[in-house]
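> Give the three-dimensional model of this entry:
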Amino acid sequence: MTRSDAPQPPALARAGIDRSAEEREQPDLVDSLRADPATRVVAVHGDRGLVSTSGPHLHTVGVADVSGDVEWAFLGRDDAGFAMLLAVSGPDAEPPVVVPDGAEWAALRAVGGELDPVAAALLVEAVSLGRWLVDAPFCPACGARTRTRAAGWARHCPSCGREHFPRTDPAVIVAVQSADGERLLLGKNALWAGRNMYSTFAGFVEAGESLESAITREIHEESGVVVAASSYRGSQAWPYPRSLMLGFHATCTPDSVVRADGVEIVDARWFDRAELAEALAGRSTDGVALPGTASIAYRLIVDWVESAP
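Residues are numbered from 1 along each chain as shown. You can find the predicted model right below:
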């Protein structure tokens, strides 16, 4: 396989609908759109959206289909100019809608890579904003319950007057190749007990740290190898719970010795292109599983496999 001239963007990094941010400051925007029968709703339950059972298509509903205690927000407008609202409930609450015929709840991480680009971007927007609306109702400064404003994109604290916005935490995710470019280093996370799954290395950017420094630190901490060079590949939102994954390709020094940290990473090993091509096709001889198509890790691995001369 050879890399194409125009590398594919990560699954959740493509263009979505027009977010129409200038509308958010209109008073009672959400209420007025809820009264419009033309408005469509993206329903979210935890990290799950409604998708069609006949194929990977995002299934929207009407405002009248939504019931129960939900948070509302304005997501933007589709190509035809129709408003799209979010109706979200937490994973432990009742779903915001009764599942209609021909639809089912599906997690973003499971179906995000199979949806068309606009639907994938819309769902990741809805899940990211929805998780913040559900998980952060109180002011972190004084503890008072906040009130949503800006059509769901901000919270105002009536007690101390502070404004709060959806938080995004930057994290680096890195595909590290050997010095000769013939092998890729992947690790098995301790959280994947019982699964023979390997992925690229990732970690949050610490306070006062550059992306380049975070790459060097995380890779050495988790695998023992030393990064000699890195290049930026792309980014995608990953609302688990609120990350922005910044993807890189990197090359390690010739004298690097692999040593998994044994705490977060329980195993780290080299793979050649043939092994990874078989694993991507679901034909690994030793049962190795790789990240799903929604993740940027998948795209980084495919990039490397397809970069053979």
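
> In contact with the residue nearest to Leu12 when sequence neighbours are not counted, which residues are there?
Excluding the flanking residues, the one nearest Leu12 by Cβ to Cβ, 6 or more residues apart in numbering is Gln236, at 4.2 Å. (C-beta placed from N, C-alpha, C; glycine too.) Contact analysis of Gln236 by Cβ atoms under 8 Å, 6 or more residues apart in numbering lists 9-13, 124, 244-245, 247, 296.

> Show the model's pLDDT score for Gln236.
On pLDDT, Gln236 comes in at 96.

> With Asp36 instead?
pLDDT, read off for Asp36, is 97.

> go on, Gly55?
As predicted, Gly55 sits at a pLDDT of 83.

> sorry, back to before: bridged to the residue nearest to Leu12, which residues?
Met245 (DSSP bridges).

> Ends of stretch 42-57, what's the gap?
Criterion Cα to Cα, to the nearest Å; first-to-last residue distance in stretch 42-57 is 12 Å.

> Identify the residues contacting stretch 104-121?
11-12, 14-17, 45, 47-51, 53, 56-58, 95, 99, 123-124, 127, 239-240, 292-295, 298.

> Just the buried ones from these?
Buried by 16 or more other Cβ atoms under 10 Å: 11-12, 14, 16-17, 45, 47-51, 56-58, 95, 123-124, 127, 239, 292-295, 298, out of the contacts of stretch 104-121.

> And the residue most central in space within the chain, how far from Ile173?
Residue closest to the average C-alpha location in the chain (Cα atoms, centre = their mean): Trp238, at 1.9 Å. Noted for Trp238: a distance of 9 Å to Ile173, by Cβ to Cβ, to the nearest Å.

> Give me the common contacts of these two.
With Cβ under 8 Å, 6+ apart, Trp238 and Ile173 have common neighbours 245, 296.

> show me the biggest helix of this protein in terms of residues.
Counting residues, the longest helix found in the chain (DSSP state H) is helix 117-135.

> Flag every buried residue along stretch 136-150.
136, 139, 146, 148, 150.

> now swap in stretch 82-97 and tell me
Applying 16+ other Cβ under 10 Å to stretch 82-97 flags 83-90, 95-97 as buried.

> From Ala294, how far off is the closest residue in space to the residue nearest to the centre of the chain that isn't next to it in sequence?
Spatial nearest neighbour of Trp238, chain neighbours left out: Met245 (4.7 Å); criterion: Cβ to Cβ, 6+ apart. Distance of Met245 to Ala294, given as Cβ to Cβ: 11 Å.

> With Ala43 instead?
Counting by Cβ to Cβ, the separation of Ala43 from Ala294 is 19 Å.

> same question, Ser231
In terms of Cβ to Cβ, Ser231 sits 23 Å off from Ala294.

> So what does Val302 have for phi and psi?
phi -60, psi -40 (degrees, to the nearest 10).

> Next up, the contacts around the nearest residue to it once chain neighbours are set aside.
Excluding the flanking residues, the one nearest Val302 by Cβ to Cβ, 6+ apart is Leu280, at 6.8 Å. Residues near Leu280 by Cβ under 8 Å, 6+ apart: 290, 301-302, 305.

> redo that, cut-off 10 Å
Listed by Cβ atoms under 10 Å, 6 or more residues apart in numbering, the contact partners of Leu280 are 1, 290, 293, 298, 301-302, 305.

> Which pLDDT value goes with it?
For Leu280, pLDDT reads 96.

> Against Glu114, how distant is it?
15 Å.

> Is Arg233 in a helix, a strand, or coil?
strand (DSSP: H, G, I helix; E, B strand; the rest coil).

> cool, Arg24 as well?
Of the three states, Arg24 takes helix according to three-state DSSP.
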